[in-house]
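# no sequence on hand, only this structure:
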């Protein structure tokens, strides 16, 4: 599944955030950008897996509705963390001061990236080779 591959590839980069110079404003900006992209990839991946499961909300397209449907369908998602990520992603365009940026980077490293990893592991546990079947069929 291409969405899964993109999700994992971006997550692999985001996982290295803690090893970077977090005091560098350019690095912090890049981490926030990667987080924003990762969140986008996550909800689109969830939308696709929910559609695969026949969940009606998958047709809505709203990240909030997809997240709420995913909480009901997948017990490995922490609803509080994911709703916090949704709020953070929405607030990014209004984040200007250094303290807010540092706090967001901390959250990305300590809470959000582990949640993205849990999503990857949870989907792999549920779907296994199905995540790769579409790509193999196209090859």
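Received the coordinates, thanks. These figures come from a predicted structure and were not determined experimentally.
# OK, contacts around residue 27?
Contacts for residue 27 were tallied using CB atoms under 8 Å, 6 or more residues apart in numbering; they are 20, 21. Backbone N, C-alpha and C define where each C-beta goes, glycine included.
# quick one: it and residue 6, what's the gap?
Relative to residue 6, residue 27 is positioned 23 Å away (criterion: CB to CB, to the nearest Å).
# what's the answer for residue 122, then?
Residue 122 sits at a distance of 17 Å from residue 6 (criterion: CB to CB).
# can you list the buried residues in stretch 4-18?
Of the residues in stretch 4-18, 4, 6, 7, 8, 10, 11, 14, 17 count as buried by neighbour count, 16 or more other CB atoms under 10 Å.
# which of those residues sits closest to residue 128?
The shortest separation between residue 128 and any of the buried residues of stretch 4-18 is 11.5 Å, and it belongs to residue 4 (by CB to CB).
# spatially nearest residue to that closest one (excluding sequence neighbours)?
Across the structure, with CB to CB, 6 or more residues apart in numbering as the measure, the residue nearest residue 4 apart from its sequence neighbours is residue 131 (4.6 Å).
# how about the strands of this protein, start to end?
With DSSP state E as the definition, the chain shows no strands.
# next, the buried residues of the lengthiest helix in the chain.
Residue-count comparison of every helix in the chain, with assignments taken from DSSP state H, identifies helix 25-52 as the longest. Applying a neighbour-count criterion of 16+ other CB under 10 Å, the buried positions in helix 25-52 are 28, 30-32, 34-39, 41-50.
# what do you get for stretch 97-106?
Buried residues in stretch 97-106, counting neighbours by 16+ other CB under 10 Å, are found at 101, 104, 105.
# give me the contacts around stretch 67-79.
Judged by CB under 8 Å, 6+ apart, the contacts made with stretch 67-79 from elsewhere in the structure are 43, 46, 50, 53, 55, 57-58, 82-83, 86, 115, 118-119, 121-122, 125-126.
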